[in-house]
Each structure stands twice: as C-alpha cells, then as structure tokens.
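Asks: sequence-free structure coming up:
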C-alpha cells in the first residue's frame, strides 16, 4: 500500500468514525434516557400500525369504525381538515408494512412494544450510517469520502434528517447499500437488486422513487444491457413498482392509499407549485451551503470537486449525483395539499451526502496536489536539481496557495470558530428536543384496567392523539373511540360528544404533565425551586402520604417545610427525611398543628436532584396516586436563584428538569374531576399512573 492510499484510508477512518459517532449519539442517547419513545406521537403511530396487524388487521374494530367516520368527515375549515388528515394517516394509512412486521417479530420475541420500536430505531441507525459509509467509500474513494462524512457529522438536517430514524430513513440506507453493491458488482448486482426492491417498497412509499433510482443506476453502470440477466432485472423492478402502485387502489382494508385534502380555491399552476416548494427548498439548501463555509466558498468547492470527480473518473459517483439531483429538481413539481416541498425533503438527505462529498473531492485533490508538489521538491532537493519545482509541481502549489489566500481574505479561518459553535449548539438543540418532547411514562397496565371495567358497546373519549395511539396499541380498539381534536369546533361535536350516550370513559393528559418540573415518571423535587402542596390545613389533614422515588445512587435528604400564608418558611414543624439510594415507595409525614396556612414546601438537599414525587394523598383509602377532589393543589414556585440547565448535564445526570417561563413565578395544578367537561358528571378517576388519566363517567 503506497503512502497516498494509506493516508486516504486514515482520513476515511477518522471522518467516518466522527460521522458515525455523532449521528448515532443523537439517535441512541435520548432513547437510553427517556421513558417514552422519541417523538412519541410518531412512535406510537408506528407501534399501533404493528399492533393493528394482530388486533385489527382489516381495520374493522369498534374504535377504527368510529374514528374512520370522524376523520373522513367533510365538516370544518381547512385547518380542521388538515388536522384530520394528519390523524387519519397516523391511525389508518399502512405505508410501512415491513417495519410493522419487524416490530411484531421483536414483540413476539418478548420485548414490549416500546422496546421493540426502539430496537428498530437503533438498528435502523446502525444500518443507515454504515451503508452511507460503505457506499461513499466505494463511489468516491476513501479520501474524499472521509472528508465529506467528517463535514456531514456537523450538519443536522431539518425536517427529514438523520437525527430521527423513520422507515423512510431506513429506505435511504438500503438505497446507499444497493448503490455501493451496483458500483462493485455491475451486471452481477441483478440478484441482490431484485431482492432489495420489494424490501424498499415495503418499508415506505418513498421506496418507489429509490427503486427507480437504483434501476437507473444499474442501467447506467451495466456493461451488458442486452443480456437476459439485465432484461430480467429491469422487468422485475417494473413489476414490483406496478404492484406497489396499484395494490393500494385494489385493497381497501387495510387502507394503504394516502388521503389528500381537496385543493379548493383558485386553480394552481405548475409555476405556483414550484414557487411554493422553492421557498422551503431554498431555506434547506442555504442552511447546507453556510453550515461550514461562506456560501461562495462552498459553491467553489462543489464545482472544484465536480471537476476532480470527473478527473478521477468516479463515474458511479457522478451517475448517482446526477440521478439524485434530477429527482430533487423534479420534486419541486410535486404538490402536497398541506406542506410544501415534502418530496424534496425526503430526497434531500441522500443528495446532501453526495453534495458534501463534492467538497471532500476538492479538499482531497488540493491536499494530494500539495503533497505531490512537496514530494517532488524534496526529491529534486535530494538530487541537487535546479530549479526545485518542475512545472506541474509549481502549478499545483499555485492552486493551493490561491485557495489559501482566498480563504484568509474572506475570513475563512476566523469564521470557522463561529460555525463550529453554531454546529455545537445545533447538536445540543437536537439532543434537547429529543430528550424533552413527550418524555413521559405511559402505564401499560391502564388499558388492561379499562378492558376489565368497560363493557362492549361503550365508548372512550380521548383528548389527544398520543393517548389514543397508546391505548389502541395495547388493545383498547375493542371499544368505541372519540378523538376530541377531530370533532371539536365542528357540527360533528354534537353527534360524537354532546349527544353520545355510549361515552362512559375518558382518557386525558394528567394535570401533572403541564408542570415545569414534570419528568418522565414524576415531578422532580428541586434544590433550586420550591414545590408546594397547598390546601392541607383547609382539608383538615393531620398527615400527608407522598409517593417518592430516589433515582440517584446516593442517599438524598428531603425537607418538608410548612409555609405561612405569605409563603415564608415556618421552621417550627419542619421535617427532614433521608431517602436511601434507589428507594421507591410511600412515606407518611405528620403535619404540625396547625399546618402552615400556605401549605408545605418540598426541597431536595442535593443540587443534582434525582428525587421524584409520584403521588400525594391524605389517606390510604384511595386507590389512585393524586389527591382528586380533596381540595389539595400543587404549585411550582421560582426559588431565589435560577439555574441554567445544560443539555449535556441533563444527559449525564438523567436530569431533565424544566424551568418556568420568562416572567412566570408560579404554576399551579388542581385535581378536580368537575374540570373533565367531556364526560357525564359526577366523574371518578379510575387510574392516574403516568401520562394518561382514566376517568369513569356516571
């Protein structure tokens, strides 16, 4: 192995390792530290599609029949129709059957639905990033691929990026794998291509486009386009595509055909569609152009990289680049009834990889030229030849020097600090979003409780899509279902909610979930702020029971301090409880007589607090965890100092404590069942463990 090849291999190992580590960290770390799957609304949609294969394959169970009628209703304004379309897609449209089969297989092997889904996500990430590295190594060569992938490690694509592994991203991974195989095997790639095509189509509808691109690349790189093998391969791809296209039109249940909202309004021209899509596409492209360098530098590197790829005869890479950029341009003609540039965003991630590797070609070629010139100079110096530079070496050094001078003149080097800082905060934002959004505990026993008390013919009303999808995943589709966001503020509300005698149960978000210190499975007791239980004196309580959990590996002291009506501490009557490492259970605290008029404050004595409050009640005669209809409330008050929470601290300490909004000094929640307006009163809370509260009406 010569020195240049060894250098290329080392550059690839470094660049790919950085790319792989950064991308997998954003995918895997939130999964490890969350209770609920990342992006829970989408995750439970995928989970329910898998569960649906077992429990309601033909989508004819009571919940699905009710929801179909609600979501296909034509009442309401455009915004309401768009919301219904989104809900219908999450519940009904089967566009990723292979993913559902994989999750089902993992669930059958003993994993919970959530762990089965998370296993698919992590496995999909490992596959996607490995396939990208393999393909770029084959098509671009180790040096350019290593530099390009190293740059990609700092780029978090918005919307359909690699920070969230969905079936469409696994399709991208399969595409990269097949493109690399075609570049290596050429005509002999027919068999693996015919095996991969149905898998691509079964993973996501975008697989149809990737099958077309794969077939086109096979055609461009094939050496025997008139052979039987080639003809059979292309005919097979066409047959698979025909089945994928026509099957949704022939099979009505399960529904595999994407629902679209009618356009309405004035006629839309092709130019209008392009303008609408280009507005979003331009933002995406500009973000890529300015991620690492000035826009002009990135353009210059891309052009130089294109010439370098041609010079190095990287025809496979150039063919794929041409196919993807053509598909990207054609996607501007595609119209989605709600969101602009949807197809563009699906194609952009794979195209962005190849465009970034263009910069890798330019940089690698410049380094190669400089190294060759220096090597030639050293040899001539050793041989005592004059002049030291021959014409080719001198030309190479002039080009490299011109690039360096241009970079210095435009502040290239100085600007790198800011761009690296922007990239760091962008990655932190991705981690922050993945850690925080919908991170809560869904109790898998709650649907079983519902199944034990509900009767056939009775209906359940759900106030949000995540609670609905969770319950349906665990078998609640045997009962009727009403989704409040689908029918509220429409004429359908009277039929489905106001005049619906079958509604006997309500599933809604717990009031605890709106607290700023709400974590995945409880309220964080903070060292910096006060959490106050109010109403104890008014309720005549002599003691209070707290369900506590110490998540840390060391003992934590918890103070219970009475407060005056003005909120000042009343040291007399204060108590301290030492919680052992890993402790979870109820603790009874006897209250001072009289109890503080302002309630009692809970404070952890550990700055990196990992103590959670999971329940409050005044007696053990209650089967629920929170003090419903007792007059008690819980308030979160800003303390004397406010801590800025760093996302990396959160990851390392499993501490995802929220903060009050700017200007907000207090947030309070009450536990009153008469607030449940969608169910007949008086209401009774049946279960309140986790994110969902299950309520029974009279």
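Replies: All right, it came through fine. Everything numeric in this text was worked out from a predicted model, so none of it was measured.
Asks: for the spatially most central residue of the chain, what are its contacts?
Replies: With distances taken as CA atoms, centre = their mean, residue 164 lies nearest the centre of the chain, 3.9 Å away. Residue 164 makes contacts with 27, 38-39, 434, as judged by CB atoms under 8 Å, 6 or more residues apart in numbering. From N, CA and C alone the C-beta is placed, and that goes for glycine too.
Asks: and it, that one's in a strand?
Replies: No: Residue 164: not assigned to a strand; according to DSSP: H, G, I helix; E, B strand; the rest coil it is coil.
Asks: Now do the strands in the stretch 551-698 of the chain.
Replies: Using DSSP state E, counting those that start in this stretch, the strands of the stretch 551-698 of the chain run over 556-562, 575-579, 584-590, 600-604, 611-617, 633-637, 666-670, 684-687, 692-696.
Asks: looking just at contacts, which helices and strands does the lengthiest helix in the chain meet?
Replies: Once the chain is assigned using DSSP state H, the helix that runs over the most residues is helix 342-382. Applying 3 or more CB pairs under 8 Å, 6 or more residues apart in numbering; DSSP states H and E, we find helix 342-382 packed against helix 3-33, helix 113-140, helix 142-152, helix 167-185, helix 270-289, helix 295-311, helix 315-330, helix 391-409.
Asks: so how far is it off the chain centroid?
Replies: 32 Å (CA atoms, centre = their mean, to the nearest Å).
Asks: mean confidence score for that helix?
Replies: The pLDDT scores in helix 342-382 average 83.
Asks: can you check stretch 663-676 too?
Replies: pLDDT averaged over stretch 663-676 gives 88.
Asks: buried ones in that stretch?
Replies: 667, 669-671, 673, 676 (16 or more other CB atoms under 10 Å).
Asks: Now do that stretch: everything it contacts.
Replies: So stretch 663-676 is contacted by 506, 508, 511-512, 514-516, 534, 626-630, 632-638, 660, 681-685, 695 (CB under 8 Å, 6+ apart).
Asks: which residue packs closest to residue 24, ignoring adjacent ones?
Replies: Excluding its sequence neighbours, the residue lying closest to residue 24 (CB to CB, 6 or more residues apart in numbering) is residue 125, at 5.6 Å.
Asks: burial count for the one you found?
Replies: Residues lying near residue 125 (other CB atoms under 10 Å) number 24.
Asks: looking at it, it is touching residue 23, isn't it?
Replies: Yes: at 7.0 Å, residue 125 and residue 23 qualify as touching, with contact defined as CB atoms under 8 Å.
Asks: For the two, list the residues in contact with both.
Replies: residue 162.
Asks: so residue 616 touches residue 634, yeah?
Replies: Yes: counting by CB under 8 Å, residue 634 is a contact partner of residue 616 at 6.9 Å.
Asks: Now for those two: what residues contact both?
Replies: Joint contacts of residue 616 and residue 634 (CB under 8 Å, 6+ apart) are residue 533.
Asks: So between these two, which is more surrounded?
Replies: residue 634 (25 against 22).
Asks: ok, that one to residue 509 distance?
Replies: 15 Å (CB to CB, to the nearest Å).
Asks: Also residue 323?
Replies: 46 Å.
Asks: cool, and residue 14?
Replies: 47 Å.
Asks: How about residue 119?
Replies: Taken as CB to CB, the span from residue 119 to residue 509 is 27 Å.
Asks: would you turn the buried residues of stretch 663-676 into TSV with distance to residue 132?
Replies: Converted to TSV, the buried residues of stretch 663-676 look like this (distance: CB to CB, whole Å):
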residue	distance to residue 132
667	44
669	46
670	51
671	50
673	53
676	49
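Asks: got the phi/psi numbers for residue 290?
Replies: Dihedral pair for residue 290: phi -100, psi 10, per degrees, to the nearest 10.
Asks: ok, now how distant is the closest residue to it other than its chain neighbours from residue 320?
Replies: Excluding the flanking residues, the one nearest residue 290 by CB to CB, 6+ apart is residue 298, at 7.4 Å. Counting by CB to CB, the gap from residue 298 to residue 320 is 20 Å.
Asks: Who has more neighbours out of the two?
Replies: residue 320 (30 against 21).
Asks: I am finished for the moment; much appreciated.
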